[in-house]
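[1] From the sequence below, what's the structure:
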Amino acid sequence: MKKWGFFLFLIACLGFAFIYITPIFQDKVEIQQYDREENDIIDYQDDSESIQQQEITKEQIYQGNLLLVNNEYPVHEESIKSDVVNLSSHNELTEGYVLLGSEIYLSEDIARIFSDMIAAAGKDGLHAFATTSGFRSFEEQDMLYQQMGSVRALPPGYSEHNLGLSLDVGSTQMKMEDAPEGKWIAKNAWKYGFILRYPKDKTDITGIQYEPWHIRYVGLPHSAIMYEKKLVLEEYLDYLKEEQDISVNVDGKKYIVSYYPENQGMTIKVPVNHHYEISGNNMDGVIVTVYE
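    Here you go, the predicted structure:
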């Protein structure tokens with residue numbers, strides 16, 4: 001009996017050790033209002049040594065990962081990702097999923113992040129992912145529009161596929177709406193900076209029918225905020241305009257997200273000793289994301 005007791009105790013200890021050393025994404029997202037004048041979240045002061053002035057040009061409104069593309073706001077030439085590659089020529093980017101075609105293009109940076117996400121899904125036992133479409137040129141979009149009509153396709157320049165940030169992901173087993181792969185994407189894609197762009201309950205806002213296969217990269221913490229608050233991109237950009245500044249904590253990592261409206265010759269303050277990203281919204285301003 002003592003031997004069995006010791007054996008069970010040993011198993012319990014090993015189980016605890018495994019849980020302790022295995023990194024766990026806790027899905028914890030905390031969102032707060034932030035006063036950019038107080039600088040109370042990220043530790044830098046309003047002086048020449050800790051901040052610098054960053055000029056914002058008109059072109060930057062149309063560049064970045066948070067661009068809104070819909071029937072009102074088309075893709076500009078400067079909006080298109082510059083690192084678009086043919087995935088069939090980059091086997092290192094397509095491990096864990098199949099390409100349903102030899103001419104599927106995507107931003108190389110986004111393809112690497114997508115590959116990481118598919119690898120994570122594989123660890124959860126999902127191995128039936130397929131990609132049917134990624135980046136499309138205006139010419140390719142026009143051909144699709146002429147062939148399929150306005151009900152099933154968007155005119156050139158008005159599709160997210162013209163950016164290089166979106167791709168269509170399917171399952172080789174069944175429809176994405178019913179597939180375990182689709183359910184995994186809906187639950188976990190935000191952890192890797194992706195959003196389900198056209199959900200079923202937001203068609204009146206996006207103007208696009210439910211597409212469980214269409215994902216779009218926006219990056220963290222934006223995907224986390226949108227997932228937490230159940231916002232589509234149109235709603236999220238309006239939310240940032242209303243709040244102006246928010247602080248976000250995603251699993252212990254702090255971010256400050258600030259919206260700046262377009263202003264001729266405008267400059268913004270950015271920290272010297274912290275990372276930051278600037279993205280336009282394709283409408284009327286830029287979003288600055290500062291993180292540690």
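[2] and the closest residue to Asp245 other than its chain neighbours, how many neighbours?
    Leaving aside its sequence neighbours, Asp245 sits nearest to Tyr34 (Cβ to Cβ, 6 or more residues apart in numbering; 4.3 Å). The C-beta positions use only the backbone N, C-alpha and C, and glycine is treated the same way. Using other Cβ atoms under 10 Å, Tyr34 has 21 neighbouring residues.
[3] just the strands in the stretch 51-200 of the chain please.
    Using DSSP state E, counting those that start in this stretch, the strands of the stretch 51-200 of the chain run over 51-55, 84-86, 97-99, 105-107, 129-133, 166-171, 194-198.
[4] quick one: contacts of the fifth one?
    Applying Cβ atoms under 8 Å, 6 or more residues apart in numbering, the external contacts of strand 129-133 come out as 87, 94, 96-101, 104, 118, 121, 161, 167-172, 181, 213.
[5] Try it again at 10 Å.
    With Cβ atoms under 10 Å, 6 or more residues apart in numbering as the test, strand 129-133 has contacts from 87, 94, 96-101, 103-106, 111, 114, 117-118, 121-122, 140, 144, 161, 166-173, 176, 179, 181-182, 184-185, 213-214.
[6] coming back round to it: Glu277 is nearest to which of the strands of the stretch 51-200 of the chain?
    Each of the strands of the stretch 51-200 of the chain has some distance to Glu277 by Cβ to Cβ; the shortest is strand 51-55, at 11.5 Å.
[7] how far is the closest one from where the chain is centred?
    26 Å (Cα atoms, centre = their mean, to the nearest Å).
[8] Return the list of strands paired to that strand, each annotated with direction.
    Applying DSSP bridges to the sheet, strand 51-55 is found paired with strand 267-271 (antiparallel).
[9] and after the partner strand, which helix or strand comes next?
    Note on strand 267-271: by DSSP states H and E, the next helix or strand toward the C-terminus is strand 275-280.
[10] how does this structure divide into domains?
    Split into domains by automatic domain parsing, the chain comes to 20-66+224-292, 82-217.
[11] Can you tell me which of the ones you listed is most buried?
    domain 82-217 (a mean of 18; mean count of other Cβ atoms under 10 Å).
[12] could I get the domains of the chain as TSV with mean pLDDT and distance to Tyr73?
    Below are the domains of the chain laid out as TSV (pLDDT from 0 to 100; distance: least, Cβ to Cβ, whole Å):
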stretch	mean pLDDT	distance to Tyr73
domain 20-66+224-292	84	5
domain 82-217	96	8
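[13] Make TSV from these and add distance to Val75 to it.
    Compiled in TSV, the domains of the chain are given as follows (distance: least, Cβ to Cβ, whole Å):
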stretch	distance to Val75
domain 20-66+224-292	8
domain 82-217	4
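[14] quick one: Leu231 from Trp184, how far?
    Going from Leu231 to Trp184 by Cβ to Cβ, to the nearest Å gives 21 Å.
[15] hmm, I was thinking of Val290
    Taking Cβ to Cβ, one finds Val290 at 31 Å from Trp184.
[16] do the same with Gln32
    Counting by Cβ to Cβ, the gap from Gln32 to Trp184 is 30 Å.
[17] coming back round to it: turn the strands of the stretch 51-200 of the chain into JSON lines, columns for distance to Asn71.
    What follows is those, written out as JSON lines (distance: least, Cβ to Cβ, whole Å):
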{"stretch": "strand 51-55", "distance to Asn71": "32"}
{"stretch": "strand 84-86", "distance to Asn71": "24"}
{"stretch": "strand 97-99", "distance to Asn71": "29"}
{"stretch": "strand 105-107", "distance to Asn71": "23"}
{"stretch": "strand 129-133", "distance to Asn71": "20"}
{"stretch": "strand 166-171", "distance to Asn71": "16"}
{"stretch": "strand 194-198", "distance to Asn71": "13"}
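[18] so which of the ones you listed comes closest to Tyr227?
    Minimum separation from Tyr227 across those (Cβ to Cβ) falls at strand 194-198, 7.3 Å.
[19] Given the closest one, what are its sheet partners and their directions?
    Looking at strand 194-198 with DSSP bridges, its partner strands are strand 211-217 (antiparallel).
[20] then the partner strand to PDB, C-alphas only?
    C-alpha atoms of strand 211-217 as PDB (Å, rounded to 0.1, in the frame of the first residue of the first chain):
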ATOM      1  CA  GLU A 211     -17.300  34.100 -44.600                       C
ATOM      2  CA  PRO A 212     -15.800  31.700 -42.000                       C
ATOM      3  CA  TRP A 213     -12.800  31.200 -44.300                       C
ATOM      4  CA  HIS A 214     -11.700  34.800 -44.700                       C
ATOM      5  CA  ILE A 215      -9.100  36.000 -42.100                       C
ATOM      6  CA  ARG A 216      -7.300  39.300 -42.000                       C
ATOM      7  CA  TYR A 217      -4.100  40.300 -40.200                       C
END
